[in-house]
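*Asks:* Quick one, fold the following:
(chains A, B, C and D)
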Protein chains: 2
Amino acid sequence: MEVKNSRQKQRELTKNAILEATEQIVLLEGWQAVSIRKIADAIGYSLPVVYTHFESKDAIQEEFVKHGFNLLATAMQQTNEKYGDAETRLTQMALAYFEFAFKNAAYYKMMFGLGIPSCQKVQEIAEIGKFSSIVIKSISSLMDEIDEQRKFLKFHTFWSILHGLTSISMVNITAAPNEMQQQILLDATQGFIKNINR
Amino acid sequence: MEVKNSRQKQRELTKNAILEATEQIVLLEGWQAVSIRKIADAIGYSLPVVYTHFESKDAIQEEFVKHGFNLLATAMQQTNEKYGDAETRLTQMALAYFEFAFKNAAYYKMMFGLGIPSCQKVQEIAEIGKFSSIVIKSISSLMDEIDEQRKFLKFHTFWSILHGLTSISMVNITAAPNEMQQQILLDATQGFIKNINR
DNA sequence: TTTTTATGGTTAACACTGTTAGCAAAAGTA
DNA sequence: TACTTTTGCTAACAGTGTTAACCATAAAAA
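*Replies:* Predicted coordinates for the structure are as follows:
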C-alpha cells in the first residue's frame, strides 16, 4: 500500500476528471470534436492545467487506445470462458469482436485510426463500383451458384480479408515481418477459396 | 467536342495545379499535413482562389478518394487480364491489392480514413498483448501443430478478417444490410477454421 | 514566527488551421 | 468609351494545440 498525501490524491482526481470529460465528448461527438479547451471547460479549470497531467493531446488519445484494448481483451476473455467447444468458441469470439466494435464504435475508431471519410458521402462514390465489379466477376468464375446476393456476400468477405490485413499491417500494430505478411495473405485467400462453395 | 474558351481552359489548368500540388504534399507528408495555405502557396495564388475550385477541404479529399479507387480498379483490371486460371487469378488479385495499398500508401490511407494512431508508439502498447494472447490460446486449441510462429500467423489472419469486416462496415462503404454483415462474418470465420490445419 | 521555496492555477500570447466577407483590378461585352 | 462580369487580393473570424510569464497560496526551512 502506498501512502498518498492529499496533493497526490487531488492530482489523481483531476486526471480522472479529464479522462471522464474527454470520454463524454468522444462518445457524443467523436474524437475529432475533442479540444483541450473543451476538456478544461468541463473540469472547471483553465486550459494549461490539462498539460500538467498529459504532455500532449496525443498522450490523451494513447490513454484511450490502451483503455480500448483493455475493454476488448476482457470481452474476449468473457466469451472464451463461456463456451467449451473450441470451434464454437472461436466463432463466438468473432461475433463478440464484431459486437464490441459497434457497441464501442468511438473507441474502436480511435484504436485503429478510423474515421476520416465522412461516412455519408463515401457511399455515393461511383468509383468503388468499378473496383467491386471486377473483383466480383473474378470471384463468380469460381462459384457454382449464380445467386447475385451470394456473389456480393463473397465479394464483401474477400474484400474484408484484404482490407483487414492491409490496414493492420499499415498501422503496424503487431509488427509482423514482411515475408510473414505475404504468407498471411495467401493463407487467408486459400481459406476463402476453399470455402467458396460452402 | 465542346468548345472551351481561354477562361475555362485557365480554370481547368489551375484546378489541375491544385490537385498536383496537393498530391505532392500528400505523398511527402501525408494528408494531415495538407493545408489550404500550402496549396495556395504552391500554385502561386492567394488562399481564397482554392475555394473557387473546391468548396471545402473535404471536397479535395473526396477527389483523391475517387482517384485512389480508380487506381485500384485499374490495378485489379490488369491482374485480371493477365491470368487464365480462375483460382490463381484470384490469388494474384489478392497480392495485387496488397501491393497497391503499400505502393500507394498515402492514397490507401485516405480512401479508408486510416492513420490517426502514430504508427510508432502503437507497437509498444502492452494492452494489445492481453487481447492477442487470449485469441491465440483459443485458436491453438483447434490446431494440430504447436509451432509458435504458425500460431501467430493464424492469429494475424483471424484478426485481419475481423478488423477488415469491421472497418469496412464502419466506414459503411458498400452499405451492406445488417443481417448480411453477420453472414459475412460467419462465412469468413468458417473458411478460416476449415483451413486452419492447411 | 518569519522568510524562502515550491506548486497549483491563472491570463495572454504564438503559430497554426478552415472558411468567408469586402474590395480593387482586370477582362470581356455593348 | 462605358458598363458588367469575372478574378484575385487583403483582412478578418473563429477555431485549434502549445507554451511563456506571472501571481497567489500552501508547504518547508530559518
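*Asks:* Next, count neighbours for A:Lys151.
*Replies:* If you count neighbours by other CB atoms under 10 Å in any protein chain shown, A:Lys151 ends up with 16. Every residue, glycine included, has its C-beta placed from N, CA and C.
*Asks:* I figured it was touching A:Asp144, is that so?
*Replies:* No. Counting by CB atoms under 8 Å, A:Lys151 does not reach A:Asp144; the two are 11.5 Å apart.
*Asks:* How is chain A divided into domains?
*Replies:* Per automatic domain parsing, the structural domains of chain A span A:11-112, A:122-194.
*Asks:* Report the separation between A:Glu87 and A:Met93.
*Replies:* As judged by CB to CB, to the nearest Å, A:Glu87 and A:Met93 stand 11 Å apart.
*Asks:* and whichever strand or helix holds A:Glu12, does that touch DNA strand C?
*Replies:* If you go by DSSP states H and E, A:Glu12 is part of helix A:6-29. Yes. Interface with DNA strand C: helix A:6-29 contributes A:7, A:10-11, A:14 (CB under 7 Å from any atom of the strand).
*Asks:* returning to what we had before: would TSV of the domains of chain A with mean pLDDT and distance to B:Glu20 be doable?
*Replies:* Formatted as TSV, those follow (pLDDT from 0 to 100; distance: least, CB to CB, whole Å):
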stretch	mean pLDDT	distance to B:Glu20
domain A:11-112	92	28
domain A:122-194	82	19
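*Asks:* Out of the ones you listed, which one sits most buried?
*Replies:* Among the domains of chain A, the stretch with the highest mean neighbour count (mean count of other CB atoms under 10 Å in any protein chain shown) is domain A:122-194, at a mean of 18.
*Asks:* quick one, what contacts the closest residue to A:His163 other than its chain neighbours?
*Replies:* In space, and not counting its chain neighbours, A:His163 is closest to B:Gly164: 4.3 Å by CB to CB, 6 or more residues apart in numbering or on different chains. Each residue near B:Gly164 by CB atoms under 8 Å, 6 or more residues apart in numbering or on different chains is listed here: A:159-167.
*Asks:* how far away is B:Gly164 from B:Phe192?
*Replies:* Distance from B:Gly164 to B:Phe192, counting by CB to CB: 12 Å.
*Asks:* Next: A:Gln77.
*Replies:* In terms of CB to CB, A:Gln77 sits 21 Å off from B:Phe192.
*Asks:* likewise A:Val26?
*Replies:* For A:Val26, the distance to B:Phe192 - CB to CB - is 32 Å.
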